[in-house]
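Q: What would the 3D arrangement of this be:
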Amino acid sequence: MILNALFPVFAIIVLGHILKRFGLTSDAFLSKSDRLIYFIFFPILLFWKIGTAPPAGSINFDYCLAALCTVTVVSVLSILYIKIFSVGEFQAGTFSQSCYRFNTYVGMALVLNAFGEAGGRYFGILIGTVIPWVNVMAVTILIWFSGRRLTFWKQVQVTFKSVFSNPLFIACIAGLIYSNTLKVFPKPIDNTFSLLSMITLPLALLSIGGALTLKTLKTYFSLSIVASGFKLILLPLTGYFMLSDFNVSGLHFKVSMILFTLPTSTAIYVLSSQLHSDTELASAAIALSTLLSFFSLSVVLGLLIRLSV
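A: Reported below is the predicted structural model:
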């Protein structure tokens, strides 16, 4: 089961890297596909999966609360590391967000492979809940370490925009509303969403592979390996104890543990660029965590298969 779930995901990522190396995709193509995935295809996929979920009243949201507590704890620990080990301000914001931000595309593909449609619905609700808070933390920390002196209202404006203009958050809310009102998609619409979903994840994984670069890894290896340790070891361990404290079990537990073990989100590069932090460190952290996540996800998937939770 581990190989069945993991191999297709990482095989497509590797294929994306090969296609880019041989000039069959370009930076322009990857940029356009990223925008299509982020603003159109993946939100539609989320809306469709969550829209067919059970009504909100029948969903146990404790796993979402446990995930919110987990990413908060790890973000605080990342700041402590920055302060104790004197990480430079230019790198600090990027380093911090690389410790707790997760790649939702890899996660959704893996969850659907391992746990089917029900897992995909629970995972969609989970990321729709956690992403807004992760964005608030990332923006706040980046501004704090950037040295920019923004007014209070400007900070509120930037943070508000990062949350409420996020297409994944909007799709999650729309899906929850739909699942509690109309509940069932008409067959032609359902078939359309099904076809679109076939495009979404393969294109997203190809794009991740095409964007991977090892050029900056040598320069930033020490910070990248620490960030990967936070993301792939500390975050899952913290998440395990949080889920246990909240008495989360079953499929909710499994999709949460997958979320905690995912590689660093490629979105940290964009946000680092926008808020004047180190994009080269972002590239290195993304590449290393993506490579190492094959092993961390293999371990976690193996444990989830063996454990009765």
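Q: From now on I want contacts and neighbour counts done on CA atoms only, so please keep to that.
A: OK.
Q: Excluding sequence neighbours, find me the nearest residue to residue 232.
A: Leaving out its chain neighbours, the residue that sits closest to residue 232 by C-alpha to C-alpha, 6 or more residues apart in numbering is residue 261, at 5.2 Å.
Q: now residue 184
A: residue 52 (6.4 Å).
Q: Check what pLDDT that neighbour gets.
A: Looking at residue 52, its pLDDT reads 84.
Q: ok, it touching residue 179?
A: Yes: the pair residue 52 / residue 179 is scored as a contact, 5.7 Å apart, by C-alpha atoms under 8 Å.
Q: And the helix or strand hosting residue 47, what does it pack against?
A: Element membership of residue 47, judged by DSSP states H and E, is helix 42-51. Applying 3 or more C-alpha pairs under 8 Å, 6 or more residues apart in numbering; DSSP states H and E, we find helix 42-51 packed against helix 104-146, helix 167-180, helix 187-211.
Q: Name the residues of the next helix or strand after it that are buried.
A: Sequence-wise, the next helix or strand downstream of helix 42-51 (DSSP H and E) is helix 62-84. Within helix 62-84, the residues scored as buried using 16 or more other C-alpha atoms under 10 Å are 62-72, 74-75, 77-79, 81-82.
Q: Any idea how far helix 62-84 is from the middle of the chain?
A: Centroid displacement of helix 62-84 relative to its chain, using C-alpha atoms, centre = their mean, to the nearest Å, is 15 Å.
Q: Then stretch 73-90?
A: Distance, centroid of stretch 73-90 to centroid of chain: 21 Å (C-alpha atoms, centre = their mean).
Q: Name the residues that touch that stretch?
A: 92, 95-97, 99-100, 137, 145-147, 230, 234-235, 238, 276-278 (C-alpha atoms under 8 Å, 6 or more residues apart in numbering).
Q: What angle do helix 104-146 and the lowest-mean-pLDDT helix or strand in the chain make with each other?
A: The least trusted helix or strand in the chain, going by mean pLDDT, DSSP states H and E, turns out to be helix 152-164, with a mean of 76. Here helix 152-164 runs at an angle of 170 degrees relative to helix 104-146 (axes from the mean of the first three to the mean of the last three C-alpha atoms, to 10 degrees).
Q: Only C-alpha atoms, please: export helix 152-164 in PDB.
A: Extracted in PDB, the C-alpha atoms of helix 152-164 (Å, rounded to 0.1, in the frame of the first residue of the first chain):
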ATOM      1  CA  PHE A 152      -1.100  48.800  12.200                       C
ATOM      2  CA  TRP A 153      -3.900  49.100   9.600                       C
ATOM      3  CA  LYS A 154      -1.500  48.300   6.800                       C
ATOM      4  CA  GLN A 155      -0.500  45.100   8.600                       C
ATOM      5  CA  VAL A 156      -4.200  44.300   9.100                       C
ATOM      6  CA  GLN A 157      -4.900  45.000   5.400                       C
ATOM      7  CA  VAL A 158      -2.000  42.700   4.200                       C
ATOM      8  CA  THR A 159      -3.000  39.900   6.600                       C
ATOM      9  CA  PHE A 160      -6.700  40.200   5.800                       C
ATOM     10  CA  LYS A 161      -6.000  40.000   2.000                       C
ATOM     11  CA  SER A 162      -3.700  37.000   2.500                       C
ATOM     12  CA  VAL A 163      -6.600  35.100   4.200                       C
ATOM     13  CA  PHE A 164      -9.800  36.200   2.500                       C
END
